[in-house]
Structure formats: C-alpha cells, structure tokens
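S.K.: take this sequence and fold it.
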Amino acid sequence: MIRKSLVLSAMTALLTMPAAHAQAPAATPAPAAAPAPAPVPEVMPFDIPYGTPIGLDQAHKALTAAAAEAKKHNWKMSISVVDPAGNLVAHATMDGTQYASIAISQAKARTAALFRRPSKVFADGINSNSPATLSLLALNQGAASEGGFPIVIDGKLIGAIGASGGIATQDGVTAKAGLEALGMK
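M.R.: Here you go, the predicted model:
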C-alpha cells in the first residue's frame with residue numbers, strides 16, 4: 001500500500017507542478033528569395049536618331065548664350081560644342097577659367113553626344129554603385145558630372161554641349177542656357 005500511495009503522490013505532484021518548457025532552438029529563417037529580375041523593356045532608352053551634325057553658326061549661338069549666362073553669375077567657364085560623333089565643333093574658355101575645365105567641358109559634351117543622354121546620368125550611375133558605368137566612360141574618355149547635354153533638334157541628335165568651371169549645378173545651368181538659345185528646353 002505504501003508503494004501505491006507513493007506512486008499516487010508522485011503522479012499528483014507531477015500533474016500539479018507548473019509545466020517546464022524546454023527552450024526550442026530559434027527557427028532558422030528561410031533564405032530570402034532573390035529579387036525578381038526587372039522586366040526587359042521593349043523600347044530602347046535614349047534611342048534618339050542622328051540628324052545632320054550641328055553647324056558652326058548654331059554652335060557659336062549656343063556658346064554665346066552659355067557664356068552670357070556664366071558672365072551673369074560671374075562664373076568662369078569652359079564651354080564646348082561637339083557633333084554627334086563627339087568631335088569638337090566649337091569651344092570657348094572664359095578668362096580666368098581653370099585649365100582643367102577645358103578638357104572636362106569637351107569630355108562632358110562628348111559623353112552627351114556619344115551616349116545620347118546627359119552626362120549627369122553617368123554620375124548618378126556611379127553614385128548608385130554601377131561599376132560598368134566607369135568602364136564605359138573610360139573607353140570613351142567621358143565625364144560623369146552634370147553639365148553635358150545632347151542637342152536634339154526636330155527629334156534628331158545633331159551634337160552636344162558641355163560646360164565646366166564651377167560646381168556641377170553651375171556647369172549644368174551654363175550648358176542649358178546654350179540649349180535654350182537653340183530652342184531646346
């Protein structure tokens with residue numbers, strides 16, 4: 001009887017005790033699914049057809065307007081206009097402009113012409129860690145900074161303008177003034 005009573009007491013004690021919980025190992029999170037690849041666009045970006053290359057008179061008109069904008073702000077700029085293949089058509093360097101800006105304005109214009117897009121697109125690509133951007137520019141002696149814009153007249157690329165000498169936004173304002181003189185916005 002004593003034995004039966006011990007067994008019953010032990011069972012009662014076990015049943016009335018608070019439940020002990022063993023700590024289960026933390027669940028291993030499922031591996032993150034790879035992001036879905038971006039859909040491939042049907043339309044090519046920056047697919048601007050080529051037109052007759054910019055002439056000297058138009059290039060001078062753009063240069064003059066860009067230089068006037070720079071003078072209005074007392075900015076010292078180098079301004080370049082190139083044809084669609086990136087070849088120099090016209091260039092002006094304002095008095096007191098840093099010498100490095102001569103090559104940079106030409107590189108910005110060349111970048112805008114060869115790739116049919118503003119040179120700032122490449123700066124944005126580099127800033128978002130796109131290493132391919134650097135190799136594209138290096139192969140074409142391009143520039144990744146604001147201030148180079150394609151010149152598109154009647155829907156066709158006829159050249160590009162680039163400005164350098166100030167900070168990127170000043171270069172952009174200067175070059176845009178040249179575009180506006182040619183009827184572009």
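S.K.: so how far is stretch 41-51 off the chain centroid?
M.R.: For stretch 41-51, the separation from the chain centroid amounts to 18 Å (computed by C-alpha atoms, centre = their mean, to the nearest Å).
S.K.: which residue, other than its chain neighbours, is closest to Ile152?
M.R.: You called it Ile, but residue 152 is Val. Computed as C-beta to C-beta, 6 or more residues apart in numbering, the closest residue to Val152 that is not its neighbour in sequence is Ile48, at 5.9 Å. Heads up, the C-betas are built off the backbone N, CA and C, glycines and all.
S.K.: local confidence estimate at the one you found?
M.R.: We note a pLDDT of 92 for Ile48 in this prediction.
S.K.: now for the longest helix along the chain, which elements pack on it?
M.R.: In the chain, ranked by residue count with DSSP state H as the criterion, the top helix is helix 56-73. With contacts defined as 3 or more C-beta pairs under 8 Å, 6 or more residues apart in numbering; DSSP states H and E, the secondary structure elements packing on helix 56-73 are strand 78-82, strand 88-93, strand 156-164, helix 168-181.
S.K.: tell me, what residue is most central in the protein?
M.R.: Asp124 (2.0 Å; C-alpha atoms, centre = their mean).
S.K.: check which helix or strand that one maps to.
M.R.: Remark: Asp124 resides in helix 120-127, with elements defined by DSSP states H and E.
S.K.: tell me the contacts of the residue nearest to Val152?
M.R.: Taking C-beta atoms under 8 Å, 6 or more residues apart in numbering as the contact definition, Ile48 lies against 116, 150, 152, 155-157.
S.K.: at 6 Å what do you get?
M.R.: Residues in contact with Ile48 (C-beta atoms under 6 Å, 6 or more residues apart in numbering) are 116, 152, 157.
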